[in-house]
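Colleague: here is my input, please return the structure:
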Amino acid sequence: MKRLVIAALALVAVATPAVVDAWGNTGHRLIGIAAMRALPADMPGFLKTPGAIADVGELAREPDRWKGAGQPHDRERDTAHFIDLDDAGHVFDPRGMTLAELPRLKSEYDAALTKAGLDVDDAGYLPYAMIDAWQNLGRDFAYWRVLNAAERRETNMERQAWYRADRIRREALILRDIGVMGHYVGDGSQPHHTTIHYNGWGEFPNPEGFTNSRQTHALFEGAFTNRVARLDAVEAAMPAAGLDGFDVKARTVSYLTATLGTVIPFYRLEKAGAFRDSDPRGAAFVNERLAAGAAELRDFIATAWTASGSASIGWPAVKVAEVEAGTVDPWIAMVGED
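Modeller: Numbers count the residues shown, from 1 in each chain. Take a look at the predicted model:
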């Protein structure tokens, strides 16, 4: 229930329904747009069009717009947006595992938390949402590769028309799935989405006297970010691509661990008044955090594309590389033999 409380506070504090339980509209749009504009040159051309870039910016808000559908939808999906780590990096408290110790499956994660006396609804499962979305995008790209190659080579006009239509459908689906993945990756760059101190410091030892205001989360990611976030500043702050040796679980752990390291700096800045008006200290922090999210999303998209080249898809399964080389006809695998 705690995240629903934050959503309600956001409505009161910022007076707009856009700001709920994640970066607001501004933050998520900027992360999606900056990531798409920074994709490597060898990515498919349809991803580089102004329309596609704008679509991802809008679709990056989608998991927030799902909210309110009812149960079990909301309870199952709301906890995908965060993972609450203590100051030592354990899920929720010392009874929980560290990010490096996350089990392979979310069901195993849930079981381990339950056995430890913790509740996944309190702890959250953001790493699994990110990894699942990356794997899903890899499947999307694998199907697109096959459709694109088959459409170019097919001499049967009816089959070629089917490949073209399915490729267009797949392109729309890819943009949607990048947007959804971008939302969760973006959440992972917001300090409050990686910590037990998610809305004020809370009932924990507080030697530095950090704020306990229950408006902290909403005001930071909503009204303040809307005032100070700028695409040019985000793009300028994005680190270089890190694609070599990419392992999605290890990268997710590293990324969220880095964000956890910004929690205390956030609270120190908040105490110093940096998130009022358009304070340049707070603005720099916001744009750096958005840049971290955009760079991570860029790399998640690019590595999903690379991984798709060695995949197999359809039934009977065909290898993407063999279809692209022209040595396998994918028709039955794509259309289905029934």
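Colleague: low-confidence ranges in the stretch 151-300 of the chain?
Modeller: The stretch 151-300 of the chain contains no residues with pLDDT under 70.
Colleague: can you give me the helices in it?
Modeller: 157-187, 216-219, 225-228, 231-237, 248-260, 263-271, 280-308 (DSSP state H, counting those that start in this stretch).
Colleague: which of those sits closest to residue 199?
Modeller: Closest to residue 199 of those, according to C-beta to C-beta: helix 216-219, at 4.2 Å. Using the backbone N, CA and C atoms, a C-beta is placed for each residue, glycine as well.
Colleague: so what's the gap between that closest one and the chain middle?
Modeller: Its chain's C-alpha centre and that of helix 216-219 lie 20 Å apart, by C-alpha atoms, centre = their mean, to the nearest Å.
Colleague: ok, back up a step: to residue 26, which of the helices of the stretch 151-300 of the chain lies closest?
Modeller: helix 225-228 (4.6 Å).
Colleague: packing partners for the closest one?
Modeller: helix 25-37, helix 280-308 (3 or more C-beta pairs under 8 Å, 6 or more residues apart in numbering; DSSP states H and E).
Colleague: and the ones you listed as JSON lines, adding mean neighbour count and distance to residue 72?
Modeller: JSON lines is the format used below for the helices and strands packed on helix 225-228 (neighbours: other C-beta atoms under 10 Å; distance: least, C-beta to C-beta, whole Å):
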{"stretch": "helix 25-37", "mean neighbour count": "26", "distance to residue 72": "24"}
{"stretch": "helix 280-308", "mean neighbour count": "23", "distance to residue 72": "27"}
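Colleague: I'd like those as a markdown table, with distance to residue 179 appended.
Modeller: A markdown table is the format used below for the helices and strands packed on helix 225-228 (distance: least, C-beta to C-beta, whole Å):
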| stretch | distance to residue 179 |
| --- | --- |
| helix 25-37 | 6 |
| helix 280-308 | 10 |
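Colleague: ok, which of the ones you listed comes nearest residue 127?
Modeller: Of the helices and strands packed on helix 225-228, the one closest to residue 127 (C-beta to C-beta) turns out to be helix 280-308, at 12.5 Å.
Colleague: mind putting the helices of the stretch 151-300 of the chain in TSV, distance to residue 114 included?
Modeller: Shown next, in TSV, are those (distance: least, C-beta to C-beta, whole Å):
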stretch	distance to residue 114
helix 157-187	23
helix 216-219	27
helix 225-228	35
helix 231-237	39
helix 248-260	22
helix 263-271	26
helix 280-308	30
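Colleague: so which of those helices is nearest residue 198?
Modeller: Nearest to residue 198, of the helices of the stretch 151-300 of the chain and by C-beta to C-beta, is helix 216-219 at 6.1 Å.
Colleague: show me what that closest one is packed up against.
Modeller: Against helix 216-219 (3+ C-beta pairs under 8 Å, 6+ apart) you get helix 2-14.
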